[in-house]
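Enquirer: generate a structure from the sequence data that follows.
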Amino acid sequence: MDLSGIAAVLALLGIPVSVLIARWQMRAGLAQAEANYRASLEAAEAGHRAALEVAEANHRSALALARHQVERERVRWLADAQRAAYTIFQNSLAQFRRCLLASDVDIDELHNAFSELHNAPSIVRQVGPDEVSRIAFSIMRVCQLIEIRVRNESRNGSPLSYEERAEIWRTQVATYRDELDEAIQRVSAALWE
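Expert: Numbers count the residues shown, from 1 in each chain. You can find the predicted model right below:
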């Protein structure tokens, strides 16, 4: 074998070695690419989890804010409804008082004023609370008894004097009315706490 033969044999042996080295390099490159892919995937998943956590936190915060706003609107609506119901009751009671304490009591006007007052506690009960509703019904029942007494006395020919009617109002209704005003103030203050 001459030098060219030896060179040819060495060249032939170099081909499989080159292929083997290229294959090892390819495996190392693939392993590195796989490692890079997994690292990128883990980083993407971590970023996605972080983004989801931020989104969930923002969502919870938005829900809490929305609940707070809805609650404030509910309280505002309830306060308005209570104020309207209490005003209706107070106006009906004031009309009954004007008719009762008129210099000359008109029994029909007093009865009409009581009829209006009779329905007012039911309106108060719809918006509550029970404390105010209970007092409103108590006032209405006392006024009913007063209206019946004034009507009966007038029909019997001995109508009650102004002083007697004023005393009846003062002793039987005025204390309930003060109690009602205090209860309304407590309820109104408690709504906004």
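
Enquirer: if I look at the spatially most central residue of the chain, how far off is residue 129?
Expert: Centroid check for the chain by CA atoms, centre = their mean gives residue 71 as the closest residue, at 2.5 Å. Distance, residue 71 to residue 129, by CB to CB, to the nearest Å: 17 Å. C-betas here are computed from N, CA, C, even on glycine.

Enquirer: same thing with residue 72?
Expert: Distance of residue 72 to residue 129, computed by CB to CB: 19 Å.

Enquirer: re earlier: which strand or helix spans the residue nearest to the centre of the chain?
Expert: helix 3-100 (DSSP states H and E).

Enquirer: what's the answer for residue 160, then?
Expert: Here residue 160, judged by DSSP H and E, is contained in no helix and no strand.

Enquirer: need the phi and psi values for it.
Expert: The phi/psi pair for residue 160 (degrees, to the nearest 10) reads phi -70, psi 140.

Enquirer: neighbours around it, how many?
Expert: By the measure other CB atoms under 10 Å, the count of residues near residue 160 is 18.

Enquirer: ok, it touching residue 168?
Expert: Yes - using CB atoms under 8 Å, residue 160 is in contact with residue 168, at 7.4 Å.

Enquirer: give me the common contacts of the two.
Expert: residue 149 (CB atoms under 8 Å, 6 or more residues apart in numbering).

Enquirer: on that earlier part again, give the buried residues for the next helix or strand after the helix holding residue 71.
Expert: Using DSSP H and E, the helix or strand that follows helix 3-100 in sequence is helix 107-127. For helix 107-127, burial by neighbour count (16 or more other CB atoms under 10 Å) applies to 107, 110, 113, 114, 117, 118, 120, 121, 123, 124, 125, 127.

Enquirer: for these, give me TSV that also has distance to residue 81.
Expert: Formatted as TSV, those follow (distance: CB to CB, whole Å):
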residue	distance to residue 81
107	34
110	29
113	24
114	24
117	19
118	20
120	14
121	15
123	9
124	10
125	12
127	4
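
Enquirer: nearest to residue 24, of these?
Expert: residue 127 (85.3 Å; CB to CB).

Enquirer: how close does that closest one get to residue 116?
Expert: Taking CB to CB, one finds residue 127 at 18 Å from residue 116.

Enquirer: much appreciated, bye for now.
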